[in-house]
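> Structure of the sequence below:
(2 chains)
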There are 2 protein chains.
Amino acid sequence: MTIGVGLLGLGTVGAGVADILSNPSGRHPLVGQLELRRVAVRDVSRPRPVALADHLLTTDPEAVVDDPAVDIVVEVIGGLEPARSLILRAIAAGKPVVTANKAVIARYGQEIAAAAAARGVYVLIEAAVGGGIPIIEPLKQSLGANRIQRVSGIINGTTNYILSRMASEGAAYGDVLAEAQRLGYAEADPAADVEGGDAADKISILATLAYGGSIERSAIPTEGISRLEARDVDYAAQLGFVVKLLAVAEHLGSDPDGTEQLDVRVHPTLLPKDHPLAGVHGVNNAILVEGEPVGQVMFYGPGAGAGPTSSAVVADILNIAGIRQAAGANGALDPLLAAGSWRQCRLVESGLTQHRNYVRLETTDEAGVIGRIGTCFGREQVSIQSIVQFETSGGAAEIVVITHEVSEASFRAALAAIADLPEVQTVAATLRTL
Amino acid sequence: MTIGVGLLGLGTVGAGVADILSNPSGRHPLVGQLELRRVAVRDVSRPRPVALADHLLTTDPEAVVDDPAVDIVVEVIGGLEPARSLILRAIAAGKPVVTANKAVIARYGQEIAAAAAARGVYVLIEAAVGGGIPIIEPLKQSLGANRIQRVSGIINGTTNYILSRMASEGAAYGDVLAEAQRLGYAEADPAADVEGGDAADKISILATLAYGGSIERSAIPTEGISRLEARDVDYAAQLGFVVKLLAVAEHLGSDPDGTEQLDVRVHPTLLPKDHPLAGVHGVNNAILVEGEPVGQVMFYGPGAGAGPTSSAVVADILNIAGIRQAAGANGALDPLLAAGSWRQCRLVESGLTQHRNYVRLETTDEAGVIGRIGTCFGREQVSIQSIVQFETSGGAAEIVVITHEVSEASFRAALAAIADLPEVQTVAATLRTL
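The predicted structure is shown next:
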């Protein structure tokens, strides 16, 4: 039984998918049963890396969705519209959808999931997070026995490339970004990557899968790396830490009505050098899942690129084709693969969360400063792991404090008091620490 | 719709499974639809960590398999018999099976798979390799678009614990093994772990899934760590390597008739310190999968233990329950989840394989030895990366050679010539190198 695939978009990922489908030998035999039947492109006359028969191409994406020969719709256009409308159109036509579009899923995931559940079709999204790394399917199908406690990941390759080079070369953020742009690792407009928005999209998707309920994407506290200074990466290294842009979704507890309390956030984070995520360098991604009873499992690999991403897209197509063989085209949904919501979740107010922190203060170089800083933290019950005075020149000093895990509200209160000390010129940096 | 689970064995893994099934809250809601209906134990009167109603227990495992209330049979007895017969009995009764039994699957996997395919039932084995790490399902369902080039893993926790301690403390193998036995990380009879048999079982299972065809378990070249000396771990470290017991399954090519040529093996291996598997310490496991187009992906986590293993067992039960909701109790099989064979595979004769090697020679301490050793390698076209002379005392010297990737036959020929040199007292160690 051959299954017809319709492709929306023929950029790098779309071309990668077309390439796999047209070269099935050596892959799972089910790949040979997939047939590319229609492809929507922006301009049919543009030269492409993959040879496709002319009659497959159209500039009308709705024609691909509506084509009766298309059984599965693959959306790799990206962006919010028309991607969202095309996905909903496919669902309405009873066609399963595979998409690599994290932005659409992070923002319209609930709407799309509700439509898919009502119509009884799958919307699979393995390629939306972690590129080629299998993480969506393991969360849905391999870890369902667990109570997930925390999902934390390096899920943006561009920022990890920049941070890796800042750490290895002591280079400044701006210089590395410029080179990453020259090399094609960063976009001309890098905001979605370097300000953390892309990672926030992805962690909101992972949180929904891990905890079985959606959260408000726009409410995720998000801090990027654009204000990170090379000296903080250097001081962190001297104290035994690596700085990574971490996306975290942590289960804190449950409300009396059963709503799950989550702490979901994206920020540059100091990781101890022996932490499993600390060794993830360059454009690689890794996701660490902690659960009961499994403990810690980690998934590592290339977080982007045509090859890895198309591997994930085709995996989703195969899964739909496989379950169709088992259940027929009109069978019920496998609740694991369909991954519906099954609980209410909400974000906890950030002041109520607990974290370890790194603080860099610029102070006057006088006896007693460290004591007064320590007193301010102590008054707010913020216990300190270390205070270290770095560079001193021209009567000024830099003091770095690492706290134990403390309440965010207490930490903020202590920091306000410290900022008011006459010896403290500025609170130059605050970073989260694992 | 509640699904009846029958459990064969109530050791640490069986008790872990029972514990998850009786505490579904906070896990995937499908866990709440699983009901433990019958449990086979050796002695019903023995005290157990998990409370089960008396009427669930029986000493007759066939009664569990045959019980009409049991829809899915979970085999966690271990060992070859009666496990194999019970699995086949369940299949014959049309009941899907979940097993953590790598020994049975490595030896009787073909027989079991053929019976399961004929009867149209699943036999799922996530817990058989890598404990709690999702690796079986990702290989079956998430990486099917790929041409797998190599699967390499640290898949025996006991030996990795021993090697980690040998490396960090410079301790001797025998001392660390004795302590591992005291701590319960190694069995009283450690042979299956330290001689590599357990890892060979597991890599034969991974190879079958990655390449779609079974190989002869007994033909896998297997070398354990029991003859590994602390000095080789130390010299490797000085040269920038970590020694790990690696299980590898590599695709070398295809015969004219389409049979796939595989190099599958287990041996202590020198890994460069920056290799993704080099940082896997203690009882953890990790599996690195390399494929086209995905590149390198790695799966990391706890390789054994009641919690991780029962997480994997229950994942398999959930998968069967999920697909049963989609396809009905008598639906067809999902070809990805069922994972039948789809190609012929064979092991390539070891002399035809290519490897990098580490060799330690004990020689007399005379000028010209290194030159003569180099000449022997050169005559056989074995190109050398480094020759280093270590410790010298009492007229004797130790020389360590690291070769480039060379044919095994050439390497063996060169080694034979070197062993015949009058200055060479003994070829004290040879190890593979990545």
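> what about the helices in the stretch 1-150 of chain A?
For the stretch 1-150 of chain A, applying DSSP state H, counting those that start in this stretch gives helices covering A:12-22, A:61-66, A:83-92, A:102-119, A:136-137.
> In TSV, list those helices along with mean neighbour count.
From N, CA and C alone the C-beta is placed, and that goes for glycine too. TSV is the format used below for the helices of the stretch 1-150 of chain A (neighbours: other CB atoms under 10 Å in any protein chain shown):
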stretch	mean neighbour count
helix A:12-22	22
helix A:61-66	20
helix A:83-92	21
helix A:102-119	19
helix A:136-137	24
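> closest to residue A:397 out of the ones you listed?
Residue A:397 lies closest, by CB to CB, to one member of the helices of the stretch 1-150 of chain A: helix A:102-119, at 43.1 Å.
> orientation of that closest one relative to helix A:83-92 in degrees?
Relative orientation of helix A:102-119 versus helix A:83-92 (axes from the mean of the first three to the mean of the last three CA atoms, to 10 degrees): 20 degrees.
> per-residue pLDDT, the one residue sitting closest to the centre of chain A?
Of all residues in chain A, the one closest to the mean position by CA atoms, centre = their mean is residue A:202, 3.2 Å from it. Per-residue pLDDT puts residue A:202 at 98.
> And it, how far from residue A:384?
Separation of residue A:202 from residue A:384 (CB to CB, to the nearest Å): 33 Å.
> wait, what's in contact with residue A:275?
Taking CB atoms under 8 Å, 6 or more residues apart in numbering or on different chains as the criterion, residue A:275 is in contact with A:242, A:434.
> May I have the secondary structure class of it?
Counting by DSSP: H, G, I helix; E, B strand; the rest coil, the backbone at residue A:275 sits in coil.
> give me phi/psi at it?
Note on residue A:275: backbone dihedrals following degrees, to the nearest 10 are phi -70, psi 140.
> quick one, phi/psi of residue A:41?
Phi and psi for residue A:41, reported as degrees, to the nearest 10, are phi -130, psi 170.
> I figured it hits residue A:8, correct?
No. With contacts counted by CB atoms under 8 Å, residue A:41 stays clear of residue A:8, the gap being 9.3 Å.
> Between these two, tell me which one has more neighbours.
Shown here are residue A:41 and residue A:8; by other CB atoms under 10 Å in any protein chain shown, residue A:8 has more neighbours (27 against 22).
> May I have the beta-bridge partners of the more buried one?
Going by DSSP bridges, residue A:8 is paired in beta bridges with residue A:40, residue A:75.
> In contact with it, which residues?
Taking CB under 8 Å, 6+ apart as the test, what residue A:8 contacts is A:14, A:40, A:61, A:64, A:65, A:73, A:74, A:75, A:76, A:77, A:83, A:86.
> residue contacts, the fourth one?
What it means is residue A:64. A:6, A:7, A:8, A:38, A:39, A:40, A:58, A:70, A:73.
> which one of those residues is nearest chain B?
residue A:7 (14.4 Å; CB to the nearest CB).
> Might you report the residue contacts of the nearest residue to that closest one once chain neighbours are set aside?
Nearest non-adjacent residue to residue A:7, counting by CB to CB, 6 or more residues apart in numbering or on different chains: residue A:39, 4.5 Å away. Applying CB under 8 Å, 6+ apart, we find residue A:39 in contact with A:6, A:7, A:10, A:14, A:18, A:52, A:56, A:57, A:58, A:64.
> related to what we said a few turns ago, can you put the contacts of residue A:8 in CSV and add distance to residue A:144 and pLDDT?
Listed next are these as CSV, based on distance: CB to CB, whole Å; pLDDT from 0 to 100:
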residue, distance to residue A:144, pLDDT
A:14, 32, 96
A:40, 35, 97
A:61, 35, 98
A:64, 34, 98
A:65, 31, 98
A:73, 27, 98
A:74, 26, 98
A:75, 26, 98
A:76, 28, 97
A:77, 31, 96
A:83, 29, 98
A:86, 30, 98
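> which of these lies closest to residue B:315?
Nearest to residue B:315 out of these is residue A:74 (CB to CB; 27.2 Å).
> Help me confirm that the closest one comes into contact with residue A:7.
Yes. Using CB under 8 Å, residue A:74 is in contact with residue A:7, at 5.0 Å.
> returning to what we had before: can I get the helices of the stretch 1-150 of chain A in JSON lines including distance to residue B:323?
Output for the helices of the stretch 1-150 of chain A, formatted as JSON lines (distance: least, CB to CB, whole Å):
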{"stretch": "helix A:12-22", "distance to residue B:323": "25"}
{"stretch": "helix A:61-66", "distance to residue B:323": "27"}
{"stretch": "helix A:83-92", "distance to residue B:323": "22"}
{"stretch": "helix A:102-119", "distance to residue B:323": "17"}
{"stretch": "helix A:136-137", "distance to residue B:323": "14"}
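> Tell me which of those lies nearest to residue B:234.
Closest to residue B:234 of those is helix A:136-137 (CB to CB; 42.1 Å).
> ok, back up a step: among the contacts of residue A:39, which pair sits farthest apart?
Pairwise distances across these (CB to CB) peak at 14.2 Å, for the pair A:18 and A:58.
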